[in-house]
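**Q** Model the structure of this input:
(one chain, ligands or ions: 2)
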Amino acid sequence: MQRKSIDQILDNHGQYASLNYYPTCDKSNLGLTFGLRGHTDPTIITMLLPDEVPGLEILQDDDWVPVKPIPNTLIVHVGDVLQGLSNCRYKSLLHRVIVNSETERLSVASYCYPSNDTQMGPPKELIDEDHPLIYKDYTYEEFYTTMWKQRLPDAARLNAFKISAA
Ligand SMILES: O=C(O)CCC(=O)C(=O)O
Ligand SMILES: [Fe+2]
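**A** Ligands and ions are numbered 1, 2, ... in the order given. Just a heads-up that it's a prediction; the model follows:
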């Protein structure tokens, strides 16, 4: 696939950042309280800079697996937009943050997202007999609006744009 296909699709993209603070949690509430519940990010990619306190977990083969913090290391992961654009060749990462009773935690997250009018259907080069088209063509604005209006659980966000969706 041509690099310029993706450059053209994501020509006007933006980036915003959040500073996430996770306070400690009373022992009696551990297990009931999440720093962030399991979610995927509605982004192209997300770049994370966590501090050295563990907490981030990713879902792998139905198990939540802790991500070991490595000092001064960025974690880059795929978001929903790239899953759609790649016709599911890249998968959006399901992740969550757990808290602990001893140490507060900080992370900086930087989210890359496309402009509202970006057509999110995958480039033609990615579609062939072995990789049939999964999603209808839709704009990022439609995706984002549907996501908030319908309060869809994460995995269902992109499903709403599947060709086979009712
Ligand atoms: O704090 C973290 O390590 C993850 C933050 C996160 O998932 C997010 O901001 O979407
Ligand atoms: Fe996230």
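
**Q** mind showing which ranges of this protein have poor pLDDT?
**A** 152-155, 165-166 (pLDDT under 70).

**Q** Can you classify the residue nearest the centre of it as helix, strand or coil?
**A** Centroid-nearest residue in the chain: Asp41, 2.6 Å away (criterion: C-alpha atoms, centre = their mean). Assigned with DSSP: H, G, I helix; E, B strand; the rest coil, Asp41 falls in the coil class.

**Q** when you give positions from now on, start the count at 456
**A** In the new numbering, first residue 456, that becomes Asp496.

**Q** my read: it touches Asp535, true?
**A** Yes: in this structure, Asp496 is within contact of Asp535 by C-beta atoms under 8 Å, at 6.9 Å. Every C-beta, even on glycine, is put in place using the N, C-alpha and C of the backbone.

**Q** What parts of the chain come near ligand 1?
**A** Residues of the chain lying close to ligand 1 (C-beta under 6 Å from any ligand atom) are 473, 475, 491, 496, 503, 505, 511, 550, 552, 562, 564.

**Q** so which of those residues comes closest to Asp462?
**A** Set against Asp462, the nearest of those by C-beta to C-beta is Asp496 (21.5 Å).

**Q** need the contact list for the closest one.
**A** Contacts for Asp496 were tallied using C-beta atoms under 8 Å, 6 or more residues apart in numbering; they are 532, 534-535, 547-548, 566.

**Q** Mark which of those are part of helices, please.
**A** For these, the ones inside helices are Asp535, with DSSP state H as the criterion.

**Q** now the contacts of Asp496: which count as buried?
**A** For these, a burial check counting by 16 or more other C-beta atoms under 10 Å picks out 532, 534-535, 547-548, 566.

**Q** can you pull out the helices in the chain?
**A** Counting by DSSP H, the helices of the chain are 458-464, 535-540, 595-605, 609-614.
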